[in-house]
Structures are given as C-alpha cells and as structure tokens.
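In: sharing a model prediction with you, sequence too.
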Amino acid sequence: MDASQRVEPSQAYDDHILVHCPRCDERAIIDAASGFVRLTCPSCGYVREEEPKSPADMIPASSLAVYNDGNTEFGAKLWLETTCCGGHRLWALNVRHLDYIERFVRSTDRDSEFPSLPGHRQLADKLPPWMVSHKHREEVTRAIDRLRLTL
C-alpha cells in the first residue's frame with residue numbers, strides 16, 4: 001500500500017458506524033453529521049433520530065456509544081463484527097476502520113509504518129494484544145476477509 005492509500009488513525013472511523021437495522025436486520029448507518037444522531041436503513045427505510053446527549057456526541061461518530069456487547073446507543077448491533085482467535089470479538093465501526101486494522105495486522109514493519117510520538121497514542125496503540133500478535137496474523141486476516149464479504 002503506497003502513501004496515498006494510507007488510512008491514518010484520525011480518518012479511521014470519523015464519520016459513521018455500520019450496524020444491523022433493528023427492523024429488518026440489513027445494513028444500516030448511524031451518523032451524527034446532521035447535528036442529530038441518526039440511524040438510517042436504505043433497505044427498509046427505517047429512520048430513527050435523536051438529539052445528541054452532549055456536544056461530544058456530535059461529529060465524529062466515534063464518540064457515539066458502542067458498548068462492550070457490540071450494541072450501539074440505538075440498540076443496533078455492529079455490522080462488522082465476528083469472532084476469531086479463540087472467541088475474541090473482532091469488530092470495526094466502518095470500512096475505513098476495518099482497512100486500518102487490516103493494514104496494521106498485515107504490516108511487517110509497524111514501527112516505521114505506524115510511528116507514535118511519545119504521549120500521542122494512535123489507534124494502532126489501542127488494538128488488543130491478541131489481535132496484533134504475529135501468531136494470530138493469519139486468523140485475524142481471515143476474519144477480516146469474512147467481514148469484507150458482508151459489505
């Protein structure tokens with residue numbers, strides 16, 4: 001991947017979240033771009049909109065609540081979620097987030113491709129140890145490939 005294709009941490013999950021529609025279970029989108037937190041489903045036309053609970057809930061979508069069980073504040077499950085590596089939950093908020101995770105997992109020179117200044121943690125610094133372990137690289141990339149098939 002060349003420099004023009006790099007996905008930087010600040011761009012990894014900054015505008016929307018892909019979820020299962022609570023009505024039809026097809027792929028829906030949660031975003032906060034309109035000033036409201038809005039879930040929309042292009043398949044069935046379902047729309048649910050709420051005022052943000054705080055200014056932090058505006059943009060980016062990454063500030064929207066995603067709970068440990070994979071539910072969002074609308075009760076919708078994340079679209080890009082699967083299990084791998086002995087039952088661990090692998091998830092991404094959207095395609096750019098998934099691209100970033102994949103690029104990091106596949107990287108053979110993480111220090112130079114993902115530099116992190118002291119005191120400035122990046123998304124790569126927050127990935128769980130099981131995901132970034134060399135021994136799990138193949139299994140994690142297969143799980144990412146499974147998630148891509150759902151798009």
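Out: Everything's here; your move.
In: any weak-confidence spans in the protein?
Out: Under the criterion pLDDT under 70, the flagged ranges of the chain are 1-14, 52-73, 116-121.
In: could I get the full set of strands for it?
Out: 16-20, 27-31, 37-40, 47-50, 80-84, 88-92 (DSSP state E).
In: can you tell me which of those strands is most buried?
Out: Neighbour counts (mean count of other C-beta atoms under 10 Å) averaged over each of the strands of the chain peak at strand 16-20, with a mean of 23. To be clear about C-beta, it is placed using only N, CA and C from the backbone, and glycine gets the same treatment.
In: could you chop this structure up by domain?
Out: Following automatic domain parsing, the chain resolves into domains at 11-78, 80-151.
In: what's the burial count for the closest residue to residue 105 other than its chain neighbours?
Out: Leaving aside its chain neighbours, residue 105 sits nearest to residue 140 (5.0 Å; criterion: C-beta to C-beta, 6 or more residues apart in numbering). Neighbours of residue 140 under the rule other C-beta atoms under 10 Å: 23.
In: give the contact list for residue 140.
Out: Residue 140 is in contact with 84-85, 90, 105, 131, counting by C-beta atoms under 8 Å, 6 or more residues apart in numbering.
In: okay, those residues in a markdown table with distance to residue 46 next?
Out: Compiled in a markdown table, these are given as follows (distance: C-beta to C-beta, whole Å):
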| residue | distance to residue 46 |
| --- | --- |
| 84 | 30 |
| 85 | 34 |
| 90 | 27 |
| 105 | 34 |
| 131 | 32 |
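In: of all the residues you listed, which comes closest to residue 30?
Out: residue 90 (19.6 Å; C-beta to C-beta).
In: the closest one reaches residue 82, doesn't it?
Out: Yes. Judged on C-beta atoms under 8 Å, residue 90 makes contact with residue 82 at a distance of 5.5 Å.
In: mutual contacts of these two, please.
Out: Shared contacts of residue 90 and residue 82, counting by C-beta under 8 Å, 6+ apart, come down to 143, 147.
In: mind listing the helices for the protein?
Out: Secondary structure of the chain (DSSP state H): helices at 9-12, 95-106, 110-113, 129-132, 137-148.
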